[in-house]
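>>> no letters, just coordinates:
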């Protein structure tokens, strides 16, 4: 399928991300429906005009009308939802998701799916320090990356349609990675950074420090204000990759500490020159 | 002394910080002179109108005309400069500095100073990822903290005058800390964060990652583009405090890693709740 003016889209899970998707898609003129167990979230989305209809309960007839289903649930909640409701889903519908870990559920999900349905993973690398639909914001996608994570089971058509969703939502950059590469990359770029921020923020009582904070501490701890339920689940679902990345960081940090303890000035300067060179690459990519 | 319209101010060292000081002070109408070993830096400041006169060489008569001398040199370079030139300094002049470490040289400097001169330490917690007078910017002080670090040798008058400088420069917040408290605090809030950023940035080759970077990695590595000469000197001068802070962070990071490895979800959530609570305190302080 390709998305066109008649495509009916269902968002399952109206939180921060689900709400932002609904907002962005409805604004582009698509008919969007929503399901959430929380009545207030459904009403909020209806009142904002982000969905034209919604449900809080299992309603097979309702689910059956959509061509595209986007899950904004946690991975294992989505698997349970599929097990219970896939019987109602429209023939040949396409399914996708928004979660930040892939390997741990994509293959299981594809294995249990009806033959006429297709699921393709996608990760919108956007978020905020708050959760809940009341913090939804369609503009968080503008400067962000959207990664499609196909497996061997996916068709070219589905990969294209899923990329199309990323473009419709307004992502700066839409790319494709295998679930394995995705999880490794996210372990390093996103989960490790959150582990660092949380550790830094909790390693001292901050009362005596907060009035002297400069930009560097603020920057490093911005993400220390964290949704503990979601991130605990994401960390545990990507445990092996994350622990490997944490150990890689620990090794490098310990090396620097030993240079400092031993007064190895030239080694320290070399490491900082390398750090500067690596960081400049990121700036170049950003300006592209 | 109090600073008034007739106070003549000398900046020793016209780099990023010295240049920004000269710019801010000259704009407020003060007569500012400058000394730097680099002819181009002196000419740059003259051409911009940030200093009304400058020198590259030892000129006792020139040095002797200033009421207030501000060092923007590295700590040990400043000590050498004082040993060589204090004979020329005007009677009863006040001296201050701009360096990010204090204990390691303040007491030595005060001990070797002429009896009629007074030195009081100050740390402008501002900077940029670039160095050199061509990146000077008087506006970097606006949202930053300025910390006066008096010892028992300092007079109340000098503490007041030094605080006055922070206000004239336009700092958001001017406070006072002992050199010991200052170094401990800076080890945690500034040096540790730079160690983390450098370690994170160098723990993998980034080519394969940079196109997937989100805000969190960008935020955590902004300061990984680093002046390796200055920071190596600062780290080594504050070695004991910095290593203690690094070990404090390592302990906390390892604790989180073990929670993840062992699947201790509740301990992880508790740590994240604490992290969120601590970070919120910083936001409140910022908004004050």
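Right, received. Where do you want to start? This structure is a prediction, so every number in the text was calculated from the model and none was measured.
>>> near chain B, which residues of the stretch 51-200 of chain A?
Applying CB under 8 Å from any CB of the partner chain, we find that the stretch 51-200 of chain A lies next to chain B at A:125-126, A:143-145, A:147, A:173, A:175, A:177, A:185-186, A:188-190, A:192-200. In this view, the C-beta of every residue, glycine as well, is placed from N, C-alpha and C.
>>> mind doing that once more with 7 Å?
A:125, A:144-145, A:147, A:173, A:175, A:185, A:188-190, A:193-196, A:198-200 (CB under 7 Å from any CB of the partner chain).
>>> element containing residue A:159, please.
Applying DSSP states H and E as the criterion places residue A:159 in helix A:156-169.
>>> what's the neighbour count on the nearest residue to residue A:31 once chain neighbours are set aside?
If the residues on either side of it in the chain are set aside, residue A:31 comes closest to residue A:8, at 5.0 Å by CB to CB, 6 or more residues apart in numbering or on different chains. Residue A:8 has 16 neighbouring residues, counting by other CB atoms under 10 Å in any protein chain shown.
>>> again, but for residue A:25
When neighbours are counted by other CB under 10 Å, residue A:25 comes out with 24.
>>> repeat for residue A:115
Neighbours around residue A:115, by other CB under 10 Å: 5.
>>> how near is it to residue B:69?
Using CB to CB, to the nearest Å, residue A:115 is found at 82 Å from residue B:69.
>>> just residue A:251 next, same as before
Distance from residue A:251 to residue B:69, by CB to CB: 45 Å.
>>> so for those two, which sits in the more crowded spot?
residue B:69 (27 against 11).
>>> identify the bridge partners of that one.
In this entry, residue B:69 is beta-bridged to residue B:10, residue B:95, by DSSP bridges.
>>> and the gap between it and residue A:98?
For residue B:69, the distance to residue A:98 equals 59 Å [CB to CB].
>>> what's the nearest residue to the residue most central in space within chain A if we skip its chain neighbours?
Taking CA atoms, centre = their mean, the centroid of chain A lies closest to residue A:100, which sits 4.0 Å from it. Once flanking residues are discounted, residue A:100 sits nearest to residue A:234: 5.3 Å by CB to CB, 6+ apart.
>>> which other helices and strands does the lengthiest strand in chain A contact?
Longest strand in chain A by number of residues (criterion: DSSP state E): strand A:118-124. Secondary-structure packing of strand A:118-124 (3 or more CB pairs under 7 Å, 6 or more residues apart in numbering or on different chains; DSSP states H and E): strand A:94-97, helix A:103-112, strand A:145-149, helix A:156-169.
>>> quick one: contacts of it?
Contact with strand A:118-124 is made by A:17, A:94-100, A:102, A:106, A:109-110, A:113, A:141, A:144, A:146-150, A:154-155, A:158-159, A:162, A:165-166, A:171, A:179, A:182, as judged by CB atoms under 7 Å, 6 or more residues apart in numbering or on different chains.
>>> any idea how far the helix holding residue A:159 is from the chain center?
Relative to the mean C-alpha coordinate of its chain, helix A:156-169 is positioned 16 Å out (CA atoms, centre = their mean, to the nearest Å).
>>> dihedrals phi and psi, residue A:114?
In terms of degrees, to the nearest 10, the main-chain angles of residue A:114 are phi -50, psi 150.
>>> any weak-confidence spans in chain A?
A:206-208, A:284-288 (pLDDT under 70).
>>> can you give me the strands in it?
Taking DSSP E as the criterion, chain A contains strands spanning A:8-12, A:31-35, A:53-55, A:68-71, A:94-97, A:118-124, A:145-149, A:173-176.
>>> against which helices or strands is the last one packed?
In other words, strand A:173-176. Where contact means 3+ CB pairs under 7 Å, 6+ apart, strand A:173-176 is packed against strand A:145-149, helix A:156-169.
>>> what lines up beside it in the sheet?
The pairing partners recorded for strand A:173-176 under DSSP bridges are strand A:145-149 (parallel).
>>> over to the third one?
Sheet partners assigned to strand A:53-55 using DSSP bridges are listed as strand A:31-35 (parallel).
>>> cool, and the longest one?
Partners of strand A:118-124 in the sheet, by DSSP bridges, are strand A:94-97 (parallel), strand A:145-149 (antiparallel).
>>> how about TSV for those strands, with distance to residue B:54 and mean neighbour count added?
Formatted as TSV, those follow (distance: least, CB to CB, whole Å; neighbours: other CB atoms under 10 Å in any protein chain shown):
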stretch	distance to residue B:54	mean neighbour count
strand A:94-97	63	24
strand A:145-149	49	24
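>>> how about the ones you listed in JSON lines, adding distance to residue B:53?
Output for those, formatted as JSON lines (distance: least, CB to CB, whole Å):
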{"stretch": "strand A:94-97", "distance to residue B:53": "67"}
{"stretch": "strand A:145-149", "distance to residue B:53": "53"}
